[in-house]
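> Take this sequence and fold it.
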Amino acid sequence: MTIHVRRFQRGAEAEFVTGLEWLFTPPGSRPADWDRDRAVERTAQVLAHENVALLEARSQEDQLVGVASIYVDILSVRFGRRASIEDLAVHLEWRSRGVGSTLLAAARAWAHEQGADYVFLESGLARTEAHRFYLREGATHAAAAFRWSSVQ
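Next up, the predicted model:
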């Protein structure tokens, strides 16, 4: 089976958001404040930045089967230039068929092209299958993540 990965282009914002919504399938959940229209608007804003790649994975039949977003976001004194994979979602029916590996490889290749020294990814605690996947793909379990929902 061949999976094709390419960057999303302007005009495909709603399709990218559709892919993101696959993250809401258990063990994930829809955020209480999820607003699809706002997500589409934010996707358009993100596509305008050169330090971001929104990736789409498509089947041979041109079906959207996975999405990923990766950002070159900080230059760390300790670790160098970081690229963060913010989203990696695969359609439920296409999981365990190489889509995630293909997207991850494309995201890491893009990060390398941008001069990143390392790639960082956070994953929800309940996503144990995803964690096993990342470890199989060579990641190390390097940190615990903490979040504040307000910046005040």
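> other SSEs contacting the strand or helix carrying S69?
In this structure, S69 sits in strand 64-76 according to DSSP states H and E. Under the contact criterion of 3 or more CB pairs under 8 Å, 6 or more residues apart in numbering; DSSP states H and E, strand 64-76 touches helix 13-20, strand 52-58, strand 80-90, helix 99-113. C-betas here are computed from N, CA, C, even on glycine.
> partner residues bridging the residue nearest in space to the middle of the chain?
Nearest residue to the geometric centre of the chain (CA atoms, centre = their mean): D87, 2.4 Å. Under DSSP bridges, the beta-bridge partners of D87 are S69.
> which residues touch it?
The neighbourhood of D87, defined by CB atoms under 8 Å, 6 or more residues apart in numbering, consists of L20, L23, V67, A68, S69.
> can you redo these as CSV with distance to A116 and pLDDT?
Shown next, in CSV, are the contacts of D87 (distance: CB to CB, whole Å; pLDDT from 0 to 100):
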residue, distance to A116, pLDDT
L20, 22, 96
L23, 23, 95
V67, 20, 98
A68, 15, 98
S69, 14, 98
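> got a winner among those residues for most neighbours?
Using other CB atoms under 10 Å as the neighbour test, the contacts of D87 are led by A68, with 29 neighbours.
> Look up phi and psi at the closest residue to L104 other than its chain neighbours.
Once flanking residues are discounted, L104 sits nearest to E137: 5.7 Å by CB to CB, 6 or more residues apart in numbering. Dihedral pair for E137: phi -80, psi 10, per degrees, to the nearest 10.
> Touching, E137 and T102? I think so.
No. Assessed by CB atoms under 8 Å, E137 is found out of contact with T102, at 11.0 Å.
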